[in-house]
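Q: I need the structure of the sequence given here:
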Amino acid sequence: MKQRMEWKKGLLSLFLLFGPFFSVMASPTKVTLQLKWRHQFQFAGYYVAKELGYYRDLGLEVDIVEAVGNDTDSVAKVLDNHAQFGISHSGLLKHRLQGQPVVAMAALMQSSPYCWLVKKHSPIFAPQDFDSKKISSLSASENAELITMLANEGIQPEVVDIGAQEPLAAWIEGRLDAIQVYITNEPYTLAQQGIDYRLVCPKQHGFNVYGDVLFTSQTFLDAQPEVVARFYQASMRGWRYALLNLQHSIALTKRHYAVDKSLQELAFEADQLKPLMMRTGSTLGAMSDARWRLIAELYALDDKPMQEHFRGFMYQPIQQSGMRLSWMFILAIAIILVAVPTYVRLVVQARKSK
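A: Down below sits the predicted model:
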């Protein structure tokens, strides 16, 4: 009887000691990442981080949500707490200077992937060539760099209402002289159809801005800085793997997310985007104070809001040295260190009672 009581006490002690740990393991922190477009290789690093367990290893359960229709406003969703993290573009700086508490965590693309699409033999080569040319309507929030590139030159193109027709179809028919495109989407479609084209990109004309900026809100960062740190660490790990293992990350993206896209289309996208992400002399996701200030000048943003709101706009990742251990591995070590002595003590007591 005494032996049985000792065992029960021991088991109860273990339950009370490790119950909270097992509770944490069973209930990871749930967060949402809001994408700025539909599922494609553009977001492969986050897919990798989820599917290969990088988020899970750091105690996170991440829901990756794609944009619905033309609703690409990820900033509003993060500020309204419908999502804790989002993907935006360099126009995120404008939101910050307007007093909205957004924090840029990483610039995954060191140059914008947005360009103007023109016919191969078009006379349009530079911003001034757009004067009086026919273009489709633009979203001031999503295509800010394309609009600003023209506005800074005082150019007034003719915005044409094409109704419900797709811009690419209207461009092919000749109803439009130029349309805004994402370098991985429309160019692929045209290549498949054998249609020649040229791209006129802002970075070719001194308007080089960041693209695909990972961000969060200041409110969430203040409330749960450790969650933000873990999400950043796992996401960057996912992107490093994705870019160094293109074949696997493309297959993973196709299997779990961009199921309607072909492997060929995803491979084309990867080939176009990788040079924008992995540039010589630049760390993946790197941002700088000087570069953001230059972007503010390119957007002709006032200096006073910069002085009032810019500080704290860039997230400062927690610097870690030495071996990085996942929280599950650390927990396993803790359990072993405490459980083994307890087990030995129970065995010794059981033998003494015989």
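Q: report the beta-bridge partners for Gln34.
A: Going by DSSP bridges, Gln34 is paired in beta bridges with Val65, Gly86.
Q: relative to Gln84, how far out is it?
A: Distance of Gln34 to Gln84, given as CB to CB, to the nearest Å: 9 Å. C-beta coordinates here come from the backbone N, C-alpha and C atoms, glycine included.
Q: which neighbours do these two share?
A: Val78 (CB atoms under 8 Å, 6 or more residues apart in numbering).
Q: so where's the stretch 51-200 of the chain shaky on pLDDT?
A: Flagging of the stretch 51-200 of the chain using pLDDT under 70 yields the residue ranges 139-143.
Q: before we move on, what about the stretch 251-354 of the chain?
A: Ranges of the stretch 251-354 of the chain meeting pLDDT under 70: 280-281, 319-354.
Q: let's see 80
A: Applying pLDDT under 80 to the stretch 251-354 of the chain flags residues 279-282, 318-354.
Q: any chance you could map the helices in it?
A: 263-277, 289-298, 303-309, 327-353 (DSSP state H, counting those that start in this stretch).
Q: does Ala104 lie in a helix or a strand, and which?
A: Element membership of Ala104, judged by DSSP states H and E, is strand 102-109.
Q: tilt between that strand and helix 263-277?
A: 110 degrees (axes from the mean of the first three to the mean of the last three CA atoms, to 10 degrees).
Q: quick one: contacts of strand 102-109?
A: So strand 102-109 is contacted by 45, 75, 78-79, 85, 88, 90, 92-93, 95-96, 210-218, 221, 228, 232, 235-236, 239, 273, 276-277, 284-287, 292, 312-315, 317 (CB under 8 Å, 6+ apart).
Q: how about a cut-off of 7 Å?
A: Strand 102-109 is touched from outside by 75, 92, 95-96, 210-218, 221, 232, 236, 239, 276-277, 285-287, 313-315, with contacts defined as CB atoms under 7 Å, 6 or more residues apart in numbering.
Q: return a ChimeraX selection command for the buried portion of those residues.
A: Here is the ChimeraX command that selects the buried residues among those (16 or more other CB atoms under 10 Å):
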select :75,92,95,96,210,211,212,213,214,215,216,217,218,221,232,236,239,276,277,285,287,313,314,315
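Q: relative to Cys115, how far out is Thr189?
A: Here Thr189 is placed at a distance of 15 Å from Cys115 (CB to CB).
Q: swap in Ala242?
A: Counting by CB to CB, the gap from Ala242 to Cys115 is 23 Å.
Q: compare the two (neighbour count), which wins?
A: Ala242 (26 against 23; other CB atoms under 10 Å).
Q: now the helix or strand hosting that one, how far from the centre of its chain.
A: Using DSSP H and E, Ala242 maps to helix 225-244. Counting by CA atoms, centre = their mean, to the nearest Å, helix 225-244 is centred 10 Å from the centre of its parent chain.
Q: quick thing: my sequence starts at 849, can you match it?
A: Got it, the first residue is 849 from now on, which makes the last one we talked about helix 1073-1092.
Q: what angle separates it from helix 1111-1125?
A: Using the same axes, to 10 degrees: helix 1073-1092 against helix 1111-1125 is 120 degrees.
Q: tell me what helix 1073-1092 is packed against?
A: On a contact count with 3 or more CB pairs under 7 Å, 6 or more residues apart in numbering; DSSP states H and E, helix 1073-1092 meets strand 877-882, helix 892-899, helix 902-905, strand 908-913, strand 950-957.
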